[in-house]
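Colleague: 3D, please:
(3 chains)
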Amino acid sequence: MSGWGDTPPDLDRPGFGTPPASADAPRTTTRISVRVNGTQRHAEVEPRTLLSDFLRHDLGLTGTKVGCETGSCGACTVQLDGEPARACLTFAIQVHEADITTIEGLPHGPLHAAFHEHHALQCGFCTAGMLMTLDAFLKTNPEPTEDEVKHALSGNLCRCTGYAPIVKAVLER
Amino acid sequence: MKPAPFEYVVAGSWDEAVAALDGDSRVLAGGQSLVPLMNQRLVRPRRLVDISGIPGLIERRRGALRIGATVRQAALERSTLIAGGWPLLRQAVRHVGHPATRARGTIGGSVVHADPRAELICALIALDARFTLSSGRAVHGPLQLGPGELLTAIEVPRLQPFAKSAFVAYARTSGSFADAAVAVVLEPDRAADAVLGAGRAGEAEAAVRAGASATDAAALAADLVDGDHHRALVAELTRRALVEAGHA
Amino acid sequence: MTWEELIAEPRRRDEHGVLVVLEEVDHDTRTAVFRRAGESFTVRADKVTSPSDFKPAPEFALEVKVLTGEIVDEDAERSPAGSGRARVVAAGVAAAGLALLAARRRR
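Modeller: Next comes the predicted model:
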């Protein structure tokens, strides 16, 4: 025990260092059961645990990236009951009994190949979110125009590619 | 970032939700505005009452539209019923956030969160929407919730035959809140012109009914806002919206 | 299954644990839109225009085309949004309930 308090078990956990909650705040956990990529998983979660943290810390599914945690960047996009959703704006406790697909559960397909082919990623941090968003979009819109692709990706930021290769990959997959 | 601890309560009905609310609670609907605030610890509720499981439907009955408060924004966006009968709502909702946030965000949440730049409210006001509350009260016009009151549904009257509408917004990037937006509904004997954050432009509406040009009516709408830039934006957007809705 | 029964259960999970949400109900045309696994399905009641056309017999209710719930591509004229993507399930009504959606993903 140092003057800094116990070493947190997860130093990369966002929020470390923010003021402690008041002592009387409720700190209960709840058992949830959720199907992730086809496998039923059970876990104890605090109500405040974000789905993004739950996937990465509790289930070890680190393919889902955490960027802004305010819903702006789209890096944490997963599919929740088939719909794209920001894992950082959903609490794990809310997905009890739900069906979640993360990038680990997305079957390799022509979209992956097109991303590879067109250099639609550089550092790769945004790619999981891009693919999860696009998979949901292309399911109902398999022949999109360029404008539709740009609109669909408006909530996913990429700081490497300038987007052009990504849009091209979608159109020429 | 991670929210401060809170107690989580699921409400299965509006009655349960109202009963679970106390002074230090917040209602969680889609969470697309609330959770970012909680993640930054700008909001630290002691209890969250999750109403997202309360069913919400888009319904048409005898021509009138009823939207449950928990209807997801994406459901409104893809609804063929909305596209056919109230295309203004579809146009407006496409400006709210991004596809993935619309998949979670609710209509009621957007209305009640009441950001002055919320596009949906602007469109609903132009459509003369009526807000139904858990207390049984119905509100026409600006929505003010009393303590323990929840928005349960939004009712939108049928548009007259040959009604035309337009929603025009200016935002710096797609998905950001708009700097300015205008919703216009023109019916044979009614004109509605709502300015984002400022409500209905009554003088502009009267001018349109009296046959004034789009440019002249737009200048009246711009009087609702302050600042040269904002006024110029509102004037131009109103003019474009009026022209798009068929008014020369 | 009657129209009322069809729209009575707005949220449920089917036998595969997949969420089926009733999103839209047009009482005027007796059309309901369900959402399942990221796709929309439109279910139309048969061409019954007024409640007096309804008979108490259970078979009145829905246009039964395919009992296994095969998905039929919707023709464009029913889709004012111009989206050919919403599709009609010519809903078969199994005794157990909605034989909605042996959903085939398009790709």
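Colleague: just the helices from chain B, written as ranges.
Modeller: Counting by DSSP state H, one finds helices in chain B at the ranges B:14-20, B:34-39, B:73-78, B:80-85, B:87-93, B:99-102, B:107-113, B:119-126, B:202-209, B:214-222, B:228-244.
Colleague: now residue B:116. Nearest residue, chain neighbours left out?
Modeller: Distances taken as Cβ to Cβ, 6 or more residues apart in numbering or on different chains place residue B:197 nearest to residue B:116, at 3.9 Å, with adjacent residues excluded. Quick note: C-beta positions are derived from backbone N, CA and C, even for glycine.
Colleague: does the one you found really touch residue B:125, like I thought?
Modeller: No - counting by Cβ atoms under 8 Å, residue B:197 does not reach residue B:125; the two are 10.7 Å apart.
Colleague: in terms of neighbours, single out the busier of those two.
Modeller: residue B:125 (22 against 19; other Cβ atoms under 10 Å in any protein chain shown).
Colleague: how about that one, nearest residue that isn't a chain neighbour?
Modeller: Nearest to residue B:125 is residue B:194, by Cβ to Cβ, 6+ apart, at 4.4 Å.
Colleague: quickly list what the one you found is bridged to.
Modeller: residue B:183, residue B:200 (DSSP bridges).
Colleague: give me the number of residues near it?
Modeller: Residues lying near residue B:194 (other Cβ under 10 Å) number 30.
Colleague: what does the strand ranked longest in chain C contact?
Modeller: For chain C, the longest strand by residue count, based on DSSP state E, is strand C:19-26. Residues outside strand C:19-26 that contact it (Cβ atoms under 8 Å, 6 or more residues apart in numbering or on different chains): A:81-82, A:98-99, B:55, B:57-60, B:71, B:75, B:79-81, C:7, C:9-14, C:31-37, C:40, C:98, C:100-101.
Colleague: still on that earlier bit, in a markdown table, list the helices of chain B along with mean pLDDT and distance to residue A:72.
Modeller: Shown next, in a markdown table, are the helices of chain B (pLDDT from 0 to 100; distance: least, Cβ to Cβ, whole Å):
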| stretch | mean pLDDT | distance to residue A:72 |
| --- | --- | --- |
| helix B:14-20 | 96 | 29 |
| helix B:34-39 | 96 | 8 |
| helix B:73-78 | 98 | 17 |
| helix B:80-85 | 96 | 27 |
| helix B:87-93 | 97 | 19 |
| helix B:99-102 | 97 | 9 |
| helix B:107-113 | 96 | 17 |
| helix B:119-126 | 96 | 17 |
| helix B:202-209 | 97 | 34 |
| helix B:214-222 | 97 | 31 |
| helix B:228-244 | 97 | 23 |
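Colleague: closest to residue A:148 out of those?
Modeller: helix B:99-102 (10.7 Å; Cβ to Cβ).
Colleague: quick one: residue A:137 and residue A:162, what's the gap?
Modeller: 20 Å (Cβ to Cβ, to the nearest Å).
Colleague: higher neighbour count, these two?
Modeller: Remark: of residue A:137 and residue A:162, residue A:137 carries more neighbours, 21 against 10, as counted by other Cβ under 10 Å.
Colleague: and that one, what element?
Modeller: Secondary structure assignment for residue A:137, by DSSP states H and E: helix A:127-140.
Colleague: and the contacts of the next helix-or-strand element following that helix?
Modeller: Following helix A:127-140 in sequence order, the next helix or strand is helix A:146-152 (DSSP H and E). Residues outside helix A:146-152 that contact it (Cβ under 8 Å, 6+ apart): A:133-134, A:137, A:141, A:144, A:163, A:167, A:170-171, B:94, B:99, B:174.
Colleague: can I get the buried ones among those residues as something I can paste into ChimeraX?
Modeller: Only the buried entries of those go into this ChimeraX selection, using 16 or more other Cβ atoms under 10 Å in any protein chain shown:
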select /A:133,134,137,141,144,163,167,170 /B:94,99
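Colleague: farthest pair in the contacts of helix A:146-152?
Modeller: Taking Cβ to Cβ, no two of the contacts of helix A:146-152 sit farther apart than A:171 and B:94, at 21.0 Å.
Colleague: who wins for proximity to residue C:18 among the helices of chain B?
Modeller: Using Cβ to Cβ as the measure, helix B:73-78 is the one of these that comes nearest residue C:18, at 17.2 Å.
Colleague: alpha carbons of that closest one, as CSV, please.
Modeller: Taking C-alpha atoms only, helix B:73-78 is exported to CSV below (Å, rounded to 0.1, in the frame of the first residue of the first chain):
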residue,chain,number,x,y,z
GLN,B,73,-34.7,7.2,-34.0
ALA,B,74,-33.6,4.7,-36.6
ALA,B,75,-37.1,3.2,-36.6
LEU,B,76,-38.5,6.6,-37.5
GLU,B,77,-35.9,7.0,-40.1
ARG,B,78,-36.6,3.8,-41.9
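Colleague: how about it and chain A, any contact?
Modeller: Yes - on the criterion Cβ under 8 Å from any Cβ of the partner chain, helix B:73-78 is in touch with chain A at B:74, B:78.
Colleague: for that helix, give me every contacting residue.
Modeller: A:83, A:140, B:30, B:58, B:67, B:82, B:89-90, B:93-94, B:96-97, B:99, B:101-103, B:105-107, B:110, B:120, C:23-24, C:35, C:40, C:81, C:83, C:86.
Colleague: domain parsing for chain A?
Modeller: When chain A is parsed with automatic domain parsing, its domains come out as A:30-105, A:110-171.
Colleague: whoops, chain B was the one
Modeller: Split by automatic domain parsing, chain B gives B:7-50, B:58-156, B:164-244.
Colleague: gap between the two ends of the first one?
Modeller: From the first residue to the last, domain B:7-50 extends over 11 Å; the measure is Cα to Cα, to the nearest Å.
Colleague: for that domain, the distance to its chain's centre please.
Modeller: Distance of domain B:7-50 from the chain centroid (Cα atoms, centre = their mean, to the nearest Å) equals 20 Å.
Colleague: ok, that domain near chain A or not?
Modeller: Yes - looking at domain B:7-50 against chain A by Cβ under 8 Å from any Cβ, the contacts come from B:7-8, B:28, B:31-32, B:35-36, B:38-41, B:46, B:48, B:50.
Colleague: partners of residue A:39 in the sheet?
Modeller: Residue A:39 forms beta bridges with residue A:36, as assigned by DSSP bridges.
Colleague: that older thread, which one of the domains of chain B lies nearest to residue A:108?
Modeller: domain B:58-156 (22.0 Å).
Colleague: any idea how far that closest one is from the chain center?
Modeller: With Cα atoms, centre = their mean, you get 5 Å for domain B:58-156.
Colleague: straight-line length of that domain, end to end?
Modeller: 11 Å.
Colleague: now do stretch B:122-132
Modeller: Per Cα to Cα, the first residue of stretch B:122-132 is 17 Å away from its last.
Colleague: same check, this time on stretch B:58-68
Modeller: 6 Å.
Colleague: with stretch B:40-50 instead?
Modeller: Note: stretch B:40-50 ends 20 Å apart using Cα to Cα.
Colleague: over to stretch B:149-161?
Modeller: OK, stretch B:149-161 end separation, Cα to Cα: 35 Å.
Colleague: okay, buried residues for it please.
Modeller: Buried, per 16+ other Cβ under 10 Å, within stretch B:149-161: B:149-156, B:159.
Colleague: and what of stretch B:192-208?
Modeller: Across stretch B:192-208, burial judged by 16+ other Cβ under 10 Å covers B:192-201, B:203-205, B:207-208.
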